[in-house]
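S.K.: below are the sequence and a predicted model for it; my questions follow.
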Amino acid sequence: MLSKTFELDGRLVRLYADEAPQILFLQPVDAHDAQLLDRQYDAMRCCALPFALAAFEVKDWNRELSPWEAPPVFGKVPFGGGAADTLAFLTGRLLPELRSQLPGNGIALCIGGYSLAGLFALWAATKTGLFSGAAAASPSVWFPGWIDYVTEHPIHAGTVYLSLGDREDRAKNPVMARVADCIRAQYALLQADHRVTLEWNPGNHFQDSELRTARAFCWVAAQLQ
């Protein structure tokens with residue numbers, strides 16, 4: 001098993017890889033997520049396919065993962081609409097670098113993440129057909145305008161995992177409290193022509209993020225084996 005950290009265009013990338021991976025998981029992470037990556041990787045060891053996991057650093061979470069600008073929903077930090085630049089880095093810089101480091105050809109690609117990174121994964125899968133799977137654990141589908149957008153812009157990935165904590169809709173913030181209704185709407189949009197599941201996890205948004213993300217990736221791998 002390969003485990004290494006390298007820097008690319010000022011971003012730290014943590015790469016874990018089995019000897020002959022058949023699927024490559026791509027995940028944006030912040031500093032908190034990065035501290036949990038070893039635990040997440042350990043939880044993924046039961047995946048149905050040999051895999052590689054590449055977690056890349058996101059320094060400005062609200063800006064770099066937001067598909068468009070939006071006013072603050074919690075606190076005072078607005079959403080900056082920088083997802084297009086992040087996707088350009090992923091497809092134009094990170095993927096070529098990873099392909100040069102990983103053995104074999106034809107590795108399936110899965111984009112995934114937790115919270116706003118989960119929303120980014122779903123959005124990225126509407127912009128390109130590169131990804132066979134999208135793994136969105138507790139995604140921020142409450143994001144202003146998201147359901148209207150995804151209704152008009154279908155997700156190209158054929159396999160999609162969705163999850164939510166069963167207490168997430170009890171948030172005091174009225175925008176975030178819509179998350180359960182929004183994820184049901186997202187699930188309904190995908191049911192007709194995608195392999196999709198919606199898993200409900202016990203607890204709120206801040207419980208077991210690394211384990212929920214591991215389950216998301218492993219479910220996708222099981223569908224693609």
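M.R.: It's in.

S.K.: for the rest of this, base every contact and every neighbour count on C-alpha atoms.
M.R.: Noted.

S.K.: longest helix of this structure?
M.R.: The residue-count maximum for a helix in the chain (DSSP state H) belongs to helix 209-224.

S.K.: just the helices in this protein please.
M.R.: Assigned by DSSP H, the helices in the chain fall at 31-35, 37-43, 61-64, 83-89, 95-101, 116-127, 146-152, 179-190, 209-224.

S.K.: just name the most buried of these.
M.R.: Neighbour counts (mean count of other Cα atoms under 10 Å) averaged over each of the helices of the chain peak at helix 116-127, with a mean of 26.

S.K.: could you give the mean pLDDT of that one?
M.R.: Mean pLDDT, helix 116-127: 98.

S.K.: show me what it is in contact with.
M.R.: With contact meaning Cα atoms under 8 Å, 6 or more residues apart in numbering, helix 116-127 is reached by 27-29, 61-62, 65-67, 83, 87, 111-113, 131, 134-141, 150, 153-157.

S.K.: what about that helix, distance to the chain center?
M.R.: How far helix 116-127 lies from its chain's middle: 7 Å, per Cα atoms, centre = their mean, to the nearest Å.

S.K.: how about stretch 14-24?
M.R.: Distance, centroid of stretch 14-24 to centroid of chain: 17 Å (Cα atoms, centre = their mean).

S.K.: over to stretch 3-23?
M.R.: Remark: stretch 3-23 is offset 16 Å from the chain centroid, using Cα atoms, centre = their mean.

S.K.: buried residues, it. List them.
M.R.: Judged by neighbour count (16 or more other Cα atoms under 10 Å), stretch 3-23 contains these buried residues: 12, 13, 14, 15, 16, 17, 18, 20, 21, 22, 23.

S.K.: distance to residue 168 and pLDDT for those residues - can I get that in a markdown table?
M.R.: Formatted as a markdown table, the buried residues of stretch 3-23 follow (distance: Cα to Cα, whole Å; pLDDT from 0 to 100):
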| residue | distance to residue 168 | pLDDT |
| --- | --- | --- |
| 12 | 30 | 98 |
| 13 | 30 | 98 |
| 14 | 29 | 98 |
| 15 | 31 | 98 |
| 16 | 31 | 98 |
| 17 | 33 | 96 |
| 18 | 34 | 95 |
| 20 | 38 | 92 |
| 21 | 34 | 96 |
| 22 | 34 | 96 |
| 23 | 30 | 97 |
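
S.K.: any chance of the residues you listed in JSON lines, with distance to residue 209 too?
M.R.: Shown next, in JSON lines, are the buried residues of stretch 3-23 (distance: Cα to Cα, whole Å):
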{"residue": "12", "distance to residue 209": "20"}
{"residue": "13", "distance to residue 209": "19"}
{"residue": "14", "distance to residue 209": "18"}
{"residue": "15", "distance to residue 209": "19"}
{"residue": "16", "distance to residue 209": "19"}
{"residue": "17", "distance to residue 209": "21"}
{"residue": "18", "distance to residue 209": "23"}
{"residue": "20", "distance to residue 209": "27"}
{"residue": "21", "distance to residue 209": "24"}
{"residue": "22", "distance to residue 209": "24"}
{"residue": "23", "distance to residue 209": "21"}
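
S.K.: what about residue 71, how many neighbours?
M.R.: Per other Cα atoms under 10 Å, the neighbour tally for residue 71 reads 11.

S.K.: name whatever forms a beta bridge with residue 161.
M.R.: Beta-bridge partners recorded for residue 161 (DSSP bridges): residue 135, residue 197.

S.K.: OK, contacts around it?
M.R.: Counting by Cα under 8 Å, 6+ apart, residue 161 has contacts 134, 135, 136, 137, 196, 197, 198, 216, 219, 220.
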